[in-house]
Structure formats: structure tokens, C-alpha cells
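> Sharing a sequence plus its predicted fold:
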Amino acid sequence: MNPLKILIILFIAIPVVEIYLLIKVGSVIGAIPTILMIIGTAVLGAALLRMQGISTFKRVQGAMQRGEIPAIEMLEGLILLVSGALLLTPGFFTDAIGFVALVPPMRRAFIVWALKHSNIMQTSQFRQHTYDGTSYKEEDGHIVIEGKYKKGDKE
């Protein structure tokens with residue numbers, strides 16, 4: 001399905017679900033408690049987001065100090081950013097998604113799933129060629145020449 005169509009559907013469906021849930025919850029517990037719950041989830045979400053963000057930032061720093069690329073941690077930071085936006089958006093549906101994204105095992109499971117189903121982790125196709133005794137590979141349209149280097153005298 002076209003990503004633009006998916007976004008349009010989400011921009012229509014999510015507010016409809018939010019309004020429906022707000023009306024249902026408001027009719028059961030009342031308007032003032034519903035508003036207080038929305039404010040409470042935003043405050044609680046912001047506090048949890050802050051703690052998770054600091055923890056993720058420390059893991060990024062640790063990975064960089066070890067000379068590793070903090071790819072997973074950076075993706076976690078991106079999910080935390082989206083989670084923060086969802087938690088600050090008034091409504092119960094977006095809060096539920098935001099709180100689920102704050103759970104580290106859920107966040108990592110989503111990242112692993114997304115990487116497995118994307119083109120990022122797929123290996124490239126190599127074609128091996130030999131020309132004039134020199135071996136080279138063609139990788140995704142780029143030519144990689146393999147050879148030996150020996151430093152010689154300039155005399």
C-alpha cells in the first residue's frame with residue numbers, strides 16, 4: 001500500500017478513535033476526571049520519557065566510548081521522540097501507544113522487527129570478475145578492486 005495513503009488513513013482514523021474514547025470515558029467517569037486523567041498521563045509520560053531518554057543517552061555515550069556505532073540506541077532515541085509526541089497529544093489511544101514505546105523490551109523488539117523487514121539489513125549482491133589477472137567485485141553498481149600493496153624503494 002502507498003505510504004501516503006497509510007498516512008492519510010492514520011490522520012483520519014486516530015482522531016476519530018481518540019474522540020470516541022474521550023466521549024466514552026467522559027460519559028462513564030465525567031468530564032473533569034477525564035480531563036485530569038489526560039493531564040496526569042501527559043505529566044507521568046513526560047517524567048518516564050525523561051528517565052528513558054537519559055538512560056538511552058548514557059548507552060549512546062558508552063557505545064561511542066567503546067568505539068562502537070550506537071545504531072540501536074539512536075533508533076531508540078527516535079522512538080522515544082515519537083513516544084513523547086504521542087504522550088503529549090491529548091487522548092487515551094495515543095497515550096497507550098506512547099506508554100508501550102517507553103517499555104525498553106517492547107522498543108527493542110520493535111526495532112529488531114523493523115530492521116528485519118526493511119532493506120537496511122539486507123546484504124548486497126556481489127558479482128566477481130577477473131580482468132588481466134586482477135580480481136574485482138561489482139557491489140550494487142560500484143566496483144571494488146582487490147589487490148596487494150607493497151611499498152617499494154624510490155631509487
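Received the coordinates, thanks. Residues are numbered from 1 along each chain as shown.

> quick one, longest helix in the chain?
Secondary structure of the chain per DSSP state H: the longest helix is helix 31-65.

> Give me the packing partners of it, helices and strands only.
Packing contacts for helix 31-65, counted by 3 or more C-beta pairs under 8 Å, 6 or more residues apart in numbering; DSSP states H and E, involve helix 3-29, helix 71-88, helix 92-101. (Glycine included, C-beta is placed from N, CA and C.)

> Same list (the ones you listed) but as a markdown table, adding mean pLDDT and mean neighbour count.
Below are the helices and strands packed on helix 31-65 laid out as a markdown table (pLDDT from 0 to 100; neighbours: other C-beta atoms under 10 Å):
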| stretch | mean pLDDT | mean neighbour count |
| --- | --- | --- |
| helix 3-29 | 93 | 12 |
| helix 71-88 | 90 | 18 |
| helix 92-101 | 94 | 19 |
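
> could these be laid out in JSON lines, adding distance to Arg107?
Shown next, in JSON lines, are these (distance: least, C-beta to C-beta, whole Å):
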{"stretch": "helix 3-29", "distance to Arg107": "20"}
{"stretch": "helix 71-88", "distance to Arg107": "5"}
{"stretch": "helix 92-101", "distance to Arg107": "6"}
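
> can you tell which of the ones you listed is closest to Arg108?
For the helices and strands packed on helix 31-65, proximity to Arg108 was assessed by C-beta to C-beta; helix 71-88 is nearest, at 7.1 Å.

> For that closest one, give me every contacting residue.
The contact list for helix 71-88, computed with C-beta atoms under 8 Å, 6 or more residues apart in numbering, reads 41-42, 45-46, 49, 52-53, 56-57, 59-60, 63, 94-95, 97-99, 101-102, 104, 107-108, 110-111.
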